[in-house]
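Peer 1: generate a structure from the sequence data that follows.
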Amino acid sequence: MTVQQPSVLFVCVHNAGRSQMAAGYLRHLAAGRIEVRSAGSMPAEQINPVAVEAMREEGIDITAEQPKVLTTEAVQASDVVITMGCGDACPFFPGKRYEDWKLDDPAGQGIEAVRPIRDEIKGRIEALLAELLV
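Peer 2: As a prediction, this is how the structure comes out:
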């Protein structure tokens, strides 16, 4: 019997900071055992350079990622949908696991302010991994 790989979708408004850091951590720590997606209800032009810098300090490179628009298909294809301050912009489907992570927005913040957000995301990702990879 093959066990289907769990999939996680991270959603924030711009898909430029929090959701990209979360996706970067999960990709890195899950090492291919979880399918990872991220999207935004109103995607930015590019990833927040301070988020990129904060992740680089952790040895994780997210420079190749691009903000993506949130689609109904992405939500339907995911087992877990984690929202980060996108309010009611996220479509809801019964049977999906939804979590809303209250995190400060790194937009417009310097590295000193982004590090604690990054570290909180890392802790949440580690807890999520422990639940999904049982």
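Peer 1: would you map the strands across this protein?
Peer 2: For the chain, the strands defined by DSSP state E occupy 7-12, 35-40, 80-83, 97-100.
Peer 1: pick the most buried one from those.
Peer 2: strand 7-12 (a mean of 26; mean count of other C-beta atoms under 10 Å). The way it works is simple: take the backbone N, C-alpha and C, and place the C-beta from them, glycine included.
Peer 1: mind checking how far it is from the chain centre?
Peer 2: 5 Å (C-alpha atoms, centre = their mean, to the nearest Å).
Peer 1: cool, stretch 113-121 as well?
Peer 2: 13 Å.
Peer 1: give me the contacts around that stretch.
Peer 2: 17-18, 21-22, 25, 50-51, 53-55, 57-58, 101, 103-104, 106, 109 (C-beta atoms under 8 Å, 6 or more residues apart in numbering).
Peer 1: only the buried subset of those residues, as a PyMOL command please.
Peer 2: Filtering the contacts of stretch 113-121 down to the buried ones (16 or more other C-beta atoms under 10 Å) takes a single PyMOL command:
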select buried, resi 17+18+21+22+25+50+51+54+55+101+103+106+109
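Peer 1: of the contacts of stretch 113-121, which belong to helices?
Peer 2: Arg18, Met21, Ala22, Tyr25, Val50, Ala51, Glu53, Ala54, Met55 (DSSP state H).
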